[in-house]
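Q: Turn this into a model:
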Amino acid sequence: MKIYKKVIFALFLMISMRTFGQVDQDGPYIWHSGKQIINRYILDNVLHVDSLKEDAPIAVRFVKNADWNFSFKLHKKIVVPPASYLGVNKMFVLSDIEGEFEAFRALMIGKGVIDEKYNWTFGKGQLVICGDLFDRGKEVMPYLWLLYKLEEDAAKKGGFVHVVLGNHDIMNMSGDLRYHSPKYVASAKLMNLEYGKLIDADTEIGKWLRSKNAIEKIGDKIFLHAGISPKINASDFSLQAINDQCRSYYGIATKKLPEEGRLLMGSAGPFWYRGYFGKDRTSPATVDSTLAKFACKQIVVGHTITKENIAGYYNGKVIGVDVNEHSGDRKAVLFINNKTFVVDDKGKQQLLEIKDTPVAIE
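A: Purely as a prediction, here's the structure:
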């Protein structure tokens, strides 16, 4: 019977691999076990499992691009970040990378945020990610671990890394995998685990994700994935309350959410709202209401691709930073003092343009 089951499982894996393709690399996925850490990763379609000391460096490997390899150490403690920060003179902002590691790496090197060895070279500048770490791209875990690593590296140089979550991130935590690259289905099968177990709350990356905010204020700007709807404007939610409540709903399927959860995690919430773009975009009064509610001057969002992005809308009060990285459109925003630039992966920059009529295309 045992042999029979093994044969069936082997055939199941073979069919899965034919369906979903080979996995060049994936991981690492980290679990704690006493004073040891269990590291699962895949190289050349083969699962590896290592037991390491908690202070050991952990490698992120690329089979086809070995010069991209890097290592990191686990944070001594994962803490919930503040909701508000003082303003800074230099910020590099992008969103919706969705596992496109090459694009992220090129943008960061192109503008001198990091060097080719992943050293933080942005000084006291700050990096802001406006959500959508997961889905579509094939290098989600290396992207997550690089952000994780840079948090500590930046702090040592007086800088800071802000990671705000988007709708694809909360979808993955709650088991909604409709936009996944097939690679991740194949990876989970190689590990004989459901995909959700790889980013669950008992994993290192799962704990890290569940610590993150839905919205942050830096100086006179707020940063979030999608936007603030009239329903949120009309609520009593403060910046801190939005983050605290959203965090309490991470990992819960939409159909199981209470009414408050459906407001915050649904189409009118900060992860999904699309009201700043398209033919039926919200009124300037809505934007002004948000600015007044959070005592800020500008709203920076990803989530919705337009023909004009990256650009400023509503007379520059809203900045849309989402571009289609999957098709090779590599851009980010650079705030320096009182000027705002659009930059590409070659480091070229131009002043941000103000557009009056954004037309959503995704």
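
Q: Please count neighbours and contacts with C-alpha atoms only from this point.
A: OK.

Q: For T121, give me its contacts.
A: 112-115 (CA atoms under 8 Å, 6 or more residues apart in numbering).

Q: per-domain residue ranges of this protein.
A: For the chain, automatic domain parsing gives the domain ranges 2-72, 84-181+191-351.

Q: Tabulate the ones you listed in CSV, adding columns for distance to I78 and mean pLDDT.
A: Shown next, in CSV, are those (distance: least, CA to CA, whole Å; pLDDT from 0 to 100):
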stretch, distance to I78, mean pLDDT
domain 2-72, 13, 80
domain 84-181+191-351, 6, 96
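
Q: now, of the ones you listed, which is deepest in the fold?
A: domain 84-181+191-351 (a mean of 20; mean count of other CA atoms under 10 Å).

Q: Now do that domain: distance from first to last residue.
A: The straight-line separation of the ends of domain 84-181+191-351 (CA to CA, to the nearest Å) is 27 Å.

Q: residues in contact with the residue nearest to K149 when sequence neighbours are not counted?
A: Nearest non-adjacent residue to K149, counting by CA to CA, 6 or more residues apart in numbering: F72, 5.7 Å away. F72 makes contact with 57-59, 145, 149, according to CA under 8 Å, 6+ apart.

Q: and with 7 Å instead?
A: Contacts for F72 (CA atoms under 7 Å, 6 or more residues apart in numbering) come out as 57-59, 149.

Q: Check whether the residue nearest the centre of the chain sits in a helix, strand or coil.
A: Residue closest to the average C-alpha location in the chain (CA atoms, centre = their mean): L133, at 2.8 Å. Three-state call for L133 (DSSP: H, G, I helix; E, B strand; the rest coil): coil.

Q: What residues does the nearest residue to it once chain neighbours are set aside make contact with?
A: In space, and not counting its chain neighbours, L133 is closest to E98: 4.5 Å by CA to CA, 6+ apart. With contact taken as CA under 7 Å, 6+ apart, E98 is in contact with 132-137, 140.

Q: Over to K346?
A: Taking CA under 7 Å, 6+ apart as the criterion, K346 is in contact with G110.

Q: Distance check, H168 against G251.
A: From H168 across to G251, the span is 12 Å (CA to CA).

Q: Quick check: end-to-end length of stretch 203-219?
A: 33 Å.

Q: and for it, what are the contacting residues?
A: With CA under 7 Å, 6+ apart as the test, stretch 203-219 has contacts from 30-31, 78-81, 83-87, 163-165, 199-201, 222-224, 243, 246-247, 250, 270.

Q: Filter those residues down to just the ones in helices.
A: With DSSP state H as the criterion, helices contain 243, 246-247 from among those.

Q: which one among these gets closest to V343?
A: Minimum distance to V343 across those is 29.6 Å, recorded for N243 (CA to CA).

Q: For P270, see how far away that closest one is.
A: Here the criterion is CA to CA. By it, N243 lies 10 Å from P270.

Q: what's the following helix or strand after the helix or strand harbouring F104?
A: Using DSSP states H and E, F104 maps to helix 101-110. Per DSSP H and E, the first helix or strand lying C-terminal to helix 101-110 is strand 126-130.

Q: what are the pairing partners of that next one, and which direction each?
A: According to DSSP bridges, strand 126-130 forms sheet pairs with strand 90-94 (parallel), strand 160-164 (parallel).

Q: Kindly calculate the angle that that strand makes with helix 101-110.
A: On the basis of axes from the mean of the first three to the mean of the last three CA atoms, to 10 degrees, strand 126-130 is oriented at 150 degrees to helix 101-110.

Q: how far out from the middle of the chain is whatever helix or strand comes next after strand 126-130?
A: Following strand 126-130 in sequence order, the next helix or strand is helix 140-156 (DSSP H and E). Remark: helix 140-156 is offset 11 Å from the chain centroid, using CA atoms, centre = their mean, to the nearest Å.

Q: and the angle for helix 140-156 with helix 101-110?
A: Using the same axes, to 10 degrees: helix 140-156 against helix 101-110 is 20 degrees.

Q: Point out the other helices and strands that helix 140-156 packs with.
A: If contacts are counted by 3 or more CA pairs under 7 Å, 6 or more residues apart in numbering; DSSP states H and E, helix 140-156 sits against strand 160-164.

Q: residues making contact with the strand it packs on?
A: Contacts for strand 160-164 (CA under 7 Å, 6+ apart): 125-131, 150-151, 154, 212-215, 224.

Q: hmm, try it at 8 Å
A: For strand 160-164, the surrounding residues in contact (CA under 8 Å, 6+ apart) are 124-131, 147, 150-151, 154-155, 212-216, 223-225.

Q: repeat for stretch 280-292
A: Identification of contacts with stretch 280-292 by CA under 8 Å, 6+ apart yields 228-230, 233, 274-276, 297-299, 314, 317-318.

Q: if I pick the nearest residue to G261 once chain neighbours are set aside, what's in contact with it?
A: Counting by CA to CA, 6+ apart, Y249 is the residue found nearest to G261 once chain neighbours are left out, at 6.6 Å. Contacts of Y249 were listed using CA under 8 Å, 6+ apart, and they are 257, 261, 265.
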